[in-house]
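1. model this:
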Amino acid sequence: METTSLVSRIEKYKQILRNTSDYRNEWYNHIKPMLESVLNEFLAIAELTNAKVVIANHIENLETITLDLANTNSGISENVENSGVKRIMVKYNGSLIYQQLFNGKIMVMIQSPYIEGYGEQKPPAPIEILRPDELTYPFIIRHLELFLKDITDWEDFDDDQPQKQHTIGFTPSDYDR
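-> Alright, predicted model coming up:
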């Protein structure tokens, strides 16, 4: 019986299990404190009202650290059936999420802003999945830049973007082929 391939797979599996344990330890010893520090430093510089760093640690080894820009009054309200009562629509300002995965790796996601009752909330958009040793200060800064671009683009929705022309039929360049 040829077992070289099987033995190799078993060794790879054992290494992955060791990695998971190492990644989880790295989360608690290094990544979690670093994320808290860098995100709180960002908030101090940015002076974003009501924004906060939220730690969800009720499930061990599946923790989440979120830069949450909080909820605000959207400025939009709905008139409730001729009652003279207005229902304020809440605006969720978006968040940058670092989620510890089951295998100890870290998924980075952006939750775009949305207004309750106005359109559909998009699911968080994954940016990347990193091993703890890959998540460094420059990566966090890049994530913050992507997050700021996302929320800024949402706030400035199509305001100064050129509209794409949707042509029906052939275009002049089609004849050049």
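2. residues in contact with stretch 145-159?
-> With C-beta atoms under 8 Å, 6 or more residues apart in numbering as the test, stretch 145-159 has contacts from 67, 69, 93-94, 96, 110, 112-113, 125, 127. The way it works is simple: take the backbone N, C-alpha and C, and place the C-beta from them, glycine included.
3. mind running it again at 7 Å?
-> Residues outside stretch 145-159 that contact it (C-beta atoms under 7 Å, 6 or more residues apart in numbering) are 93-94, 96, 110, 112-113, 127.
4. between those, which sits nearest Leu17?
-> Nearest to Leu17, judged by C-beta to C-beta, of the contacts of stretch 145-159 is Ile127 at 26.6 Å.
5. tell me how many other residues surround that closest one.
-> For Ile127, the tally of surrounding residues (other C-beta atoms under 10 Å) stands at 19.
6. can you check Glu81 too?
-> Neighbours of Glu81 (other C-beta under 10 Å): 7.
7. follow-up on the earlier one: ok, and the most crowded of the contacts of stretch 145-159?
-> Using other C-beta under 10 Å as the neighbour criterion, Leu96 leads those with 27 neighbours.
8. so where is this structure shaky, pLDDT-wise?
-> 1, 159-177 (pLDDT under 70).
9. quick one, strands of the chain?
-> Remark: strands assigned in the chain by DSSP state E are 52-56, 64-68, 71-80, 85-92, 95-100, 106-111, 114-115, 125-130.
10. top helix in this structure by residue count?
-> helix 4-26 (DSSP state H).
11. now it and strand 125-130, what's the angle there?
-> If you take axes from the mean of the first three to the mean of the last three C-alpha atoms, to 10 degrees, helix 4-26 sits at 110 degrees to strand 125-130.
12. what's the angle from helix 4-26 to strand 95-100?
-> 130 degrees.
13. outside of helix 4-26 itself, list whatever touches it.
-> Applying C-beta under 7 Å, 6+ apart, the contact partners of helix 4-26 are 61, 103-105, 131-132.
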